[in-house]
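Asks: I'll drop the sequence and a predicted model, then ask my questions.
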Amino acid sequence: MNIFTKQLKLEDLSNIQYEVHTGTSRVVNYLEIMILKFIGDYGYGSDGNSDATYMSAIGKAVLEAWEPGGLIIDLSDLSYEWGDRIESVFFVGKEKYTDTPFPVALIVGSRSEEAIRTLIVGLESNKTIEEIGWVFKDLDSAWEYIESKLIEYKI
């Protein structure tokens with residue numbers, strides 16, 4: 001019997017790069033907050049589906065590996081214009097932490113801000129990024145949000 005296989009790697013799904021950084025919370029000193037940064041160009045529309053799959057898989061893997069108390073998804077160096085599947089990345093901690101609230105914040109940059117805003121609030125909305133509540137333009141604001149949630153959740 002001949003069995004034919006092909007080798008697969010997550011990196012085959014996307015050209016997007018990622019970085020993972022952690023830092024200790026200032027309010028809950030036994031918890032780490034993770035920053036998961038994605039860098040590159042997200043495919044337009046359905047061309048981004050494999051990018052979303054890759055980004056979600058990486059998100060789940062890094063949460064499993066390092067088990068942070070909160071997550072900041074940093075898209076400040078990602079170009080994103082359109083494609084609904086990127087939303088799956090925003091909820092990567094839900095499956096792992098179903099019994100405990102898990103705070104997630106999102107950072108957008110100039111090449112993703114407007115598209116993320118309209119994805120979340122709709123094309124017709126005048127709501128700003130700042131009004132969404134968990135989406136930010138800088139790391140300091142996102143970090144403060146995660147720490148406020150850690151206090152609120154009494155983790």
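Replies: On my side now, so go ahead. Numbers count the residues shown, from 1 in each chain.

Asks: elements contacting the lowest-mean-pLDDT helix or strand in the chain?
Replies: One helix or strand of the chain scores below all others by mean pLDDT, DSSP states H and E: helix 129-132, with a mean of 93. Contact analysis of helix 129-132 by 3 or more CB pairs under 8 Å, 6 or more residues apart in numbering; DSSP states H and E lists helix 113-121, strand 135-136 as its packing neighbours. In short, each C-beta sits where N, CA and C put it, glycine included.

Asks: which stretch among those comes nearest Val104?
Replies: Set against Val104 and scored by CB to CB, the helices and strands packed on helix 129-132 come closest in strand 135-136, at 10.2 Å.

Asks: Show residues contacting the least confident helix or strand of the chain.
Replies: Helix 129-132 has contacts (CB atoms under 8 Å, 6 or more residues apart in numbering) with 108, 113, 116-117, 120-121, 135-137.

Asks: Show me which of the residues you listed are buried.
Replies: Neighbour counting by 16 or more other CB atoms under 10 Å classes 108, 113, 116-117, 120-121, 135-136 among the contacts of helix 129-132 as buried.
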